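Q: predicted structure and sequence below. I'll ask about it afterward.
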Amino acid sequence: MELFSAIEDASKIVQSEVSRAGLGADIYGAKGSENIQGEEQQKLDVYADECFIHAFRGSGQVAGLASEEQDNALQFDESLKGEYVVMIDPLDGSSNIDVNVAIGTIFAIYRRVSKSGETLIEADFLQAGRDQVAAGYVNYSVSTQMVLSTGNGTHIYTLDPESGTYQLISENVKIPADGKVYSINEVNLDDFDDNLKRYAQHCKDKRKEDGKRMYTGRYIGSLVADFHRNLLKGGIYVYPATVDSPNGKLRLLYECNPMSFLAENAGGKGSDGVQNILDIKPTELHQRCPFYVGSPVMMDEALPSI
């Protein structure tokens, strides 16, 4: 499928640029501009965004794209017969670029609502996560891996540097029912609601039969990296609503929906603290959302009423 080939090709270009960090490549630092959320764009944010836009535009299967780095959705006039639209965070965790921490690309693919060949409409982009036909992320780290689901399991592919191709290494990955890690930025503990404060304390207090702690705190600050570890090892990731950010900070369309889709297809759960993320009907392109995602036992402990 040309659409997935476009993701592969663009991710390999971004990976190559990331790997040149520290070798004189001018990819560190701020671009001198802000995205629509008022966040300072890093040079690699913009570079990755341009790479993926170019790749999807050339695929012939994508009629339009919405990016965390773009104010408005883009329509590809030359590909209006394309069946799909894409939502993308081209470079998640970009604040970690200059300290060499794992970063990633997150994407969600939807079948367009409008008719083939016609101008795209708002409803093409504002679809519930349940309507995703595929979602995934690319993790640029020790190795470059793509985690992908088309609604029938979650699978992991690793980029072979010799052949330049992604090789399937883990099929139908299942997140452990219970986990070892809670990923919460506890510096904001005083701003959490009472339920989350209770849960954070529960994670510290829960013990095994031998008296050792059941859980440990791990928070990288890169959603792809935190999610990937918890997917494999078991755990929960929480970026909640706070006093200063009552709607949370993560983006429903570019981050929460695709990660929840992957989690659910691996046996996990995703929630905004009130309902399943995938059942939320978006009302705006850059909508923010509180986010809980991870192993089902830990999710049930964190959100017992859901």
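A: Sure thing, it's come through.

Q: C-alpha coordinates for stretch 176-189, PDB please?
A: Extracted in PDB, the C-alpha atoms of stretch 176-189 (Å, rounded to 0.1, in the frame of the first residue of the first chain):
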ATOM      1  CA  PRO A 176       0.800  -7.200  30.100                       C
ATOM      2  CA  ALA A 177      -2.500  -7.200  32.000                       C
ATOM      3  CA  ASP A 178      -0.800  -5.600  35.000                       C
ATOM      4  CA  GLY A 179       2.400  -3.600  34.900                       C
ATOM      5  CA  LYS A 180       5.400  -2.400  36.900                       C
ATOM      6  CA  VAL A 181       5.600   1.300  35.800                       C
ATOM      7  CA  TYR A 182       3.500   4.300  36.400                       C
ATOM      8  CA  SER A 183       4.400   7.300  34.100                       C
ATOM      9  CA  ILE A 184       3.100  10.500  35.700                       C
ATOM     10  CA  ASN A 185       4.900  13.800  36.100                       C
ATOM     11  CA  GLU A 186       4.500  14.000  39.900                       C
ATOM     12  CA  VAL A 187       5.900  17.500  40.100                       C
ATOM     13  CA  ASN A 188       2.300  18.600  39.300                       C
ATOM     14  CA  LEU A 189       0.800  16.400  42.000                       C
END
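
Q: what comes up buried for that stretch?
A: The neighbour-count check on stretch 176-189 (16 or more other CB atoms under 10 Å) flags 176, 178, 179, 180, 181, 182, 183, 184 as buried. Any C-beta I mention is one placed from the backbone N, CA and C, and that applies to glycine too.

Q: strands of the stretch 151-300 of the chain, residue ranges please.
A: Using DSSP state E, counting those that start in this stretch, the strands of the stretch 151-300 of the chain run over 155-160, 165-170, 181-184, 216-217, 235-239, 250-251, 269-271, 288-289, 291-294.

Q: need the contact list for the closest residue to residue 181 other than its chain neighbours.
A: Leaving out its chain neighbours, the residue that sits closest to residue 181 by CB to CB, 6 or more residues apart in numbering is residue 235, at 3.4 Å. Counting by CB atoms under 8 Å, 6 or more residues apart in numbering, residue 235 makes contact with 179, 180, 181, 182, 183, 218, 229, 294, 295, 298.

Q: appreciated, that's everything.
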